[in-house]
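>>> Give me a model of this one.
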Amino acid sequence: MRAIVVDQAGGSEVLVLKELPTPEPGPGQVRVDVDACGVNFLDVYERSGKYPMQTPFVAGSEGCGVVSALGDGVDGVRLGDRVAWAMVHGGGYAGQVVIPAERTVPVPDDVESEQAAAVMLQGMTAHYLTESTFPVRAGQTALVQAAAGGLGLLLTQMLVGKGVRVIGTASTAAKAALATEAGASDVIDYTDRDVASEVRRLTDGRGVDVVYDGVGRSTFDGSIDSLARRGTMVLVGAASGPVPPVDPQTLNKKGSLFLTRPTLAHHIDDRDELLGRAAAVLGRVADGRLAVRIGGRYALAEAPQAHDDLVGRRSTGKLLILPGR
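Numbering: from 1, shown residues only. Have a look, this model is predicted:
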């Protein structure tokens, strides 16, 4: 079978297409024939060495496909089941992957494989951000940085579904239109306007209750300055680079603010929690409450281009790699 293998950390050129032996599942594992796999900044961090990985490894950690072999002791998953997963190292850019059965979730019949692969990591992230990190309430206001990205579009829809007013940011008119379509009441062009000043204007000087920021270094200060008193800053990524150290006294001076840096892994490490979050997200896709935008589809050999498009912000929604292409 074919897979994208990283032999050493580096730029997108280290994503190399190779022929590998058909993997066989061990105890508690399943082999899955992959229909689609998601492209995430997590993959970029691992490929580049920002998140050190033991090499060589198969890139990617999210996907959807059909179970084609079972290891000993597997219970609750059957041959022919369509399953999805996220945050499973080595469970991505390949024609077949072997993953722990307990990290798979069933995919409803009404959800296409591409949709499932596109929504697992970012959809469950949006779910825990709105349900656990900062349990939002109707009438509150949120700022979503990069609102036209894969996470931003899903997060905006979930927030609006709970009666939250969403102010988004975007870099182009086309991206702003996507954020508006997802439900954002206002979208700020961060290339042309000062985000914090615009947020203050749009909220009559008050600021927002919560900021969801997956951009990091280039947006962090503006995000902090956009918060209302006792507001919550949720740093959920670093697409523009890591944020420099923060003096806690800054949070005091700017209004007794809260700052958190959560990760999905800590919100799905329990099997029941994983199944619950996945069911909530996939259920919303199945019944039409959550629209999934797929911004690009790539063959395995095009994985370097997918990474370059993601890092270069040339994409909207979710990017997928389709091993069958």
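
>>> quick one, helices of this structure?
For the chain, the helices identified by DSSP state H occupy 41-48, 113-128, 150-161, 173-182, 195-202, 220-225, 248-253, 271-286, 303-311, in order along the chain.

>>> Figure out which of those is closest to L20.
Proximity to L20, assessed across those by Cβ to Cβ, is greatest for helix 303-311 (14.7 Å). Using the backbone N, CA and C atoms, a C-beta is placed for each residue, glycine as well.

>>> What mean pLDDT does that closest one get?
For helix 303-311, the per-residue pLDDT values average out at 97.

>>> Repeat that for stretch 49-60.
When pLDDT is averaged along stretch 49-60, the result is 95.

>>> Can you give me the first-to-last residue distance of it?
Separation of the first and last residues of stretch 49-60 by Cα to Cα, to the nearest Å is 14 Å.

>>> repeat for stretch 125-141
When the end residues of stretch 125-141 are compared by Cα to Cα, they are separated by 19 Å.

>>> contact partners of that stretch?
Around stretch 125-141, the neighbours that count as contacts under Cβ atoms under 8 Å, 6 or more residues apart in numbering are 142, 151, 154-155, 158-159, 162-167, 203, 208-210, 212, 232, 234, 236, 260, 262, 264, 267, 277, 280-281.

>>> Could you do stretch 48-57 as well?
Residues lying outside stretch 48-57 but in contact with it, judged by Cβ under 8 Å, 6+ apart, are 5-11, 42, 44-46, 89-90.

>>> in it, what's buried?
Within stretch 48-57, the residues that qualify as buried by neighbour count (16 or more other Cβ atoms under 10 Å) are 48, 53, 57.

>>> Closest to N252 out of those?
S48 (35.1 Å).

>>> ok, back up a step: would you list the helices of the chain in JSON lines and tack on distance to V16?
Conversion of these to JSON lines gives the following (distance: least, Cβ to Cβ, whole Å):
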{"stretch": "helix 41-48", "distance to V16": "11"}
{"stretch": "helix 113-128", "distance to V16": "22"}
{"stretch": "helix 150-161", "distance to V16": "25"}
{"stretch": "helix 173-182", "distance to V16": "32"}
{"stretch": "helix 195-202", "distance to V16": "39"}
{"stretch": "helix 220-225", "distance to V16": "34"}
{"stretch": "helix 248-253", "distance to V16": "44"}
{"stretch": "helix 271-286", "distance to V16": "31"}
{"stretch": "helix 303-311", "distance to V16": "9"}
